[in-house]
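[1] build me a model from this:
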Amino acid sequence: MNVLSIALQLFVVLFAITIHEAAHGWAAYRLGDPTAHNLGRISLNPIVHIDPIFTILVPVLLALTGLPVFGMAKPVPFNPHNLRNPRRDNIWISLAGPAANGLAALGAFLLLLVLKFTVPGVNRFLAVLCRTFFKSPEILRAALPKGFFPFEGLALVLYFVVLINIYLAVFNLIPVPPLDGSGILMGVLPDRLADRYERLRPYGFFIVMALVLMGGLTMIVAPIEIFIDVILG
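    Next up, the predicted model:
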């Protein structure tokens, strides 16, 4: 078990879920609902978003088992009655979280490219790190040079920022309640179909966990991770 790797991934998960939930609250506030703002949930302080099970325990278990690491936070509440156009605005609120994670991943990826082409040590480090899809503790130990190499350490942090934010964005776009994808789908379905779709909500958690445990998320994000490793390696 690589304690440093798990701690680093947990730190990145906290960053990713924080910007995700803050983006939901900010979008709702901009569209007319002050609920999240009044509760202090439009914040980059991760403490206000933490859920002990899904923000801490689940990411640690995923890291220990070698599965893609991601997490969830306490959902940001909003009152649809405060929105100017509830169906349309719910789509934008739902999209805001994954979009924030996508932008974070893109920014970290661009910084990684800069480091790759300007710092030779980082180029060698990424070549080892990206050699295999399964980032086991042994791979991480082999990739990290011995001694103090701040640029390589920064590259490892940015690498996890890219992967975890992509995982979180893709995961939340799955159209199963209560994930963000369900809010987007609800906004575009006709009323009759939306009502039928809403009946899935009591079973949504079990469907999501089944997808994770059966490797559904890995199948979705694997091509993205391979593409990133090819470019960075």
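[2] could you dump stretch 97-112 to PDB, C-alpha only?
    Extracted in PDB, the C-alpha atoms of stretch 97-112 (Å, rounded to 0.1, in the frame of the first residue of the first chain):
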ATOM      1  CA  GLY A  97     -20.400  20.600 -11.700                       C
ATOM      2  CA  PRO A  98     -19.100  18.400 -14.500                       C
ATOM      3  CA  ALA A  99     -18.000  21.500 -16.400                       C
ATOM      4  CA  ALA A 100     -16.000  22.800 -13.500                       C
ATOM      5  CA  ASN A 101     -14.200  19.400 -13.300                       C
ATOM      6  CA  GLY A 102     -13.600  19.400 -17.000                       C
ATOM      7  CA  LEU A 103     -12.000  22.800 -16.900                       C
ATOM      8  CA  ALA A 104      -9.900  21.800 -13.900                       C
ATOM      9  CA  ALA A 105      -8.700  18.700 -15.800                       C
ATOM     10  CA  LEU A 106      -7.900  20.700 -18.900                       C
ATOM     11  CA  GLY A 107      -6.000  23.300 -17.000                       C
ATOM     12  CA  ALA A 108      -3.900  20.700 -15.200                       C
ATOM     13  CA  PHE A 109      -3.300  18.800 -18.500                       C
ATOM     14  CA  LEU A 110      -2.000  21.900 -20.200                       C
ATOM     15  CA  LEU A 111       0.300  22.600 -17.200                       C
ATOM     16  CA  LEU A 112       1.600  19.000 -17.500                       C
END
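[3] for it, which outside residues touch it?
    Contacts to stretch 97-112, defined as CB atoms under 8 Å, 6 or more residues apart in numbering, come from residues 15-16, 19-24, 126, 155, 158-159, 161-163, 165-166, 168-170, 172-173, 180, 228, 232. No exception for glycine: its C-beta is placed from N, CA and C like everyone else's.
[4] what helix or strand is the residue most central in space within the chain on?
    Nearest to the geometric centre of the chain sits L168, at 2.2 Å (CA atoms, centre = their mean). Using DSSP states H and E, L168 sits within helix 150-172.
[5] mind checking the longest helix of the chain?
    For the chain, the longest helix by residue count, based on DSSP state H, is helix 86-118.
[6] quick one, that helix and helix 150-172 angle?
    160 degrees (axes from the mean of the first three to the mean of the last three CA atoms, to 10 degrees).
[7] any stretches of the protein with poor pLDDT?
    1-2, 66-70, 132-148 (pLDDT under 70).
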